[in-house]
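Participant: For reference, the sequence and a predicted model appear below.
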Amino acid sequence: MLDTLVCPKCKMNLTKDNRSLSCRKCNLTYTIDGGVYNFLSDADSFCSELSIEETRMLLNDAQKNGWKAAVREMSFKYPYMNEIFLNNDKADWLFHCLDLSKTSSCLELGSGWGTTAFCLARYYNEVWSLDPVKLRLNFQKIRQDQDRINNIKFVRASSLQLPFQENHFDLVAAKNFIKDFNLDIYFKKYRNVHLYFFREIRRILKDGGCLYIGVPNKINFSSILRGKNHGLSSMPYSLTEKVTDLYCNNNLEQNIKMKDDLKIKQFQVINYSFFGYKKILDEAGFSNIEFFWTIDFDRPEISGRFDIESFNFIVNYIKNKNIISKSFKSLAQFMGANLSNNIIKKTFPFISPSFLIFAYKDHKDTTFESKLLQSVAPISSFIRISGSPGVDSKIIYRISKNGRSHSVIKFPRFKGYVSLISEEEKMSRFNKLDIKRKDVDSVIVFVEPFIKGKSMRYYNISHNQAILNWLIDFQKQTQQGYWDFNQFKVKVENLNQFLSVIPIDNEIRLRTSKKLKSFLESLSKINLAQNSEHGDFSVVNIIIGDGDNKVYVTDWEYYNERGDPLFDFVFFILASSSDIKPFPQAFVDAFNDRGNYAEILKNLILEFCKVKKLPTELILQAVPYVLLRCIYRTTFETDYRHFQPTSYITLLELWDKISSNPESNSILRL
């Protein structure tokens, strides 16, 4: 460890005893507490998504019942916690800079709860996780011990006083470095502080090492057009300096009081534009700097280069996304329709909501991404897309050649996971696609032909009919006989027991339990086929082929060999009716025989039941069964491919309201 750590103040080597590190030059001692190297004072700075009391409760629960169970319990109260603790796609930026020949050591600054650090630990031999909040590092240590991971080291230190030897790291990740600098401490020239920070990182990087930062765009038309006040964030740097010079001085106590009086806390984050980031990184000594656009740097699900093909993709992507303002959508669509390709390429960096930035020390070597793209060369553009958030998920590259979408490349998110092999076999088999397998830098890679088509339109009768026909044929192909009623009864009874842990009103819980019993009673009178399930059969995973209305079904992560015909069909009608805006009114209307989708919904149910020889009421009785299965797999299954139970819980509550109103003019009267 002493080969890595130095005194954060003087950068001299440290001496070590059982529970501390010492700097003889500064006459300072730094503690080693529970596996955490502590270079800060005992007073713990605290900035977190949870209160101190809730954080301590989380740690106690994690120690007692396991960190996954603790997160699950906390996420029922705060659904966003799953996103923070379990979302592996937060680290998917890595594939723009990953060099599989340089994975000896990396550092994450401001690691928080450790989600990204644990992802990096799957690729790097040694990961250093640095954060100023002791309680968050304690949680990371609990997780490491329980998961039996031994290559993560924990450091409590300031990002501006890095206790590391020079020329040590292959990668330093500082997702949103500016957020780590609080006005309480740094009432100085902000650009000087940032410049010092970048030079410090360059000092600890090896030759050819990479600094990654994910940051918002200062100009950020998406936010400006919402009409939000971003204070210093949107000011020119020169004006920002004048504001801080006017109100702040070197008296820390007075500065804190002024900050409170002036409410500077509202605009304490200072961002840069595309050229501002480039200029400061140049000054810090980074010679090779690459930018990628992304919608949200905190969760970079999609990203790409600043070219016309990327711009056209992003225009189509944001059409139905609520995360972007209507004004920004209109601006992007106007540009795409009216401006030349050359102008768009030049203006694209100005309107990108966020950046992924990779700055290399001295030179950039050949990365995995460059080898990946070379395997399908020549290309004109690409878009990187994250698969689901699970550990055993995939990364997707959509490849363009000569300005047109040409193919899709997929590979496992983490080394050693092989479920993608099975998934691609299903993708090929059920869509009749010729999928090629390659090895790129010892990584299994699949190359699919690009499917020319469009998303299903909810009100398009022919689209709905084609999808229903596909599902019926899929279930016929994969049928393996019939369920033994007692075996299926056990599945449903287990879901009934699971009801007790779901945070819903007790009256709803009791009524749902009764509905499950009625469902079982109906099942006891029929033979229920046993067939395979797609598992995530919804509009987002269905493509309607151009010209022939051929149905292609993607994303086979949830494929289940021994399923039933009810799950996929009910999941599809629930997903479709809940996607229609405005939610939840459109959903309630559809099942109460009102609105434009109600007639389509009714016909789907009637035809499915006719072909399957099932009573129509069984479809509606199966709704709680399907929703409970979805809630269970988002909370108790270990892979966390989808982990937001709240949307399914909302549907369960809405379904209780719909099905408990006998006087409504309801589709239930089928």
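Facilitator: Alright, I've got the coordinates.

Participant: check contacts around the residue nearest to D564 when sequence neighbours are not counted.
Facilitator: Distances taken as Cβ to Cβ, 6 or more residues apart in numbering place L528 nearest to D564, at 5.8 Å, with adjacent residues excluded. Every C-beta, even on glycine, is put in place using the N, C-alpha and C of the backbone. The contact partners of L528, taken as Cβ atoms under 8 Å, 6 or more residues apart in numbering, are Y482, W483, F485, F488, D564, P565, L566.

Participant: buried stuff in stretch 514-523?
Facilitator: For stretch 514-523, a neighbour-count test (16 or more other Cβ atoms under 10 Å) marks K515, L516, F519, L520, S522, L523 as buried.

Participant: ok, the last one - contacts?
Facilitator: Counting by Cβ under 8 Å, 6+ apart, L523 touches F485, F488, K489, V492, L618.

Participant: now do the fifth one
Facilitator: S522 sits next to P615, E617, L618, Q621 when contact means Cβ under 8 Å, 6+ apart.

Participant: what's the answer for W113, then?
Facilitator: Residues near W113 by Cβ under 8 Å, 6+ apart: I84, F85, R136, F139, Q140.

Participant: Identify the residues contacting the helix or strand containing the first one?
Facilitator: Yep, that's I84 we're talking about. According to DSSP states H and E, I84 maps onto helix 80-86. Helix 80-86 is contacted from outside by 49-50, 71, 74-75, 112-113, 115, 299, 389, 634, 640, 643-644, using Cβ under 8 Å, 6+ apart.

Participant: Apply 7 Å and report the result again.
Facilitator: If you take Cβ atoms under 7 Å, 6 or more residues apart in numbering as the criterion, helix 80-86 is touched by E49, V71, M74, S75, W113, T115, P389, Y640, F643, Q644.

Participant: ok, now stretch 62-74?
Facilitator: Under Cβ under 7 Å, 6+ apart, the answer for stretch 62-74 is L58, D61, M81, N82, F85, L86, F139, I142, R143, Q146, T635.

Participant: which one of those residues has the most neighbours?
Facilitator: Each of those was scored for neighbours by other Cβ atoms under 10 Å, and F85 scores highest at 25 neighbours.

Participant: Now flag whichever of the contacts of W113 is closest to L339.
Facilitator: I84 (38.6 Å; Cβ to Cβ).

Participant: So what's the residue count around the closest one?
Facilitator: With other Cβ under 10 Å as criterion, I84 counts 19.

Participant: Now do it, the pLDDT please.
Facilitator: pLDDT recorded at I84 is 86.

Participant: What of N229?
Facilitator: 39.

Participant: what's the nearest residue to I658 if we skip its chain neighbours?
Facilitator: F591 (5.1 Å).

Participant: my bad, N431
Facilitator: N431 sits nearest to Y552 (Cβ to Cβ, 6+ apart), 4.9 Å away.

Participant: And for K426?
Facilitator: Counting by Cβ to Cβ, 6+ apart, K426 lies nearest to W556, which is 4.0 Å off, once chain neighbours are set aside.

Participant: Need the max-distance pair from the contacts of L523.
Facilitator: Spatial extent of the contacts of L523 (Cβ to Cβ) is set by the pair K489 and L618 at 15.0 Å.

Participant: Just say helix, strand or coil for the residue sitting nearest the centre point of the chain.
Facilitator: Closest residue to the average C-alpha location of the chain: D89 at 4.3 Å, with Cα atoms, centre = their mean. Recorded secondary structure, D89: helix (DSSP: H, G, I helix; E, B strand; the rest coil).

Participant: Quick one: residues contacting it.
Facilitator: So D89 contacts R299, E301, S386, P389 (Cβ under 7 Å, 6+ apart).

Participant: what residues are up against the second one?
Facilitator: Contacts here follow Cβ under 7 Å, 6+ apart; on that basis E301 touches D89, I385, S386.

Participant: which one among those residues gets closest to G403?
Facilitator: I385 (19.0 Å).

Participant: Wasn't that closest one part of a strand?
Facilitator: Yes: counting by three-state DSSP, I385 is found in a strand.

Participant: isn't it right up against S393?
Facilitator: No: applying Cβ atoms under 7 Å as the test, I385 and S393 come out as separate, 11.4 Å apart.
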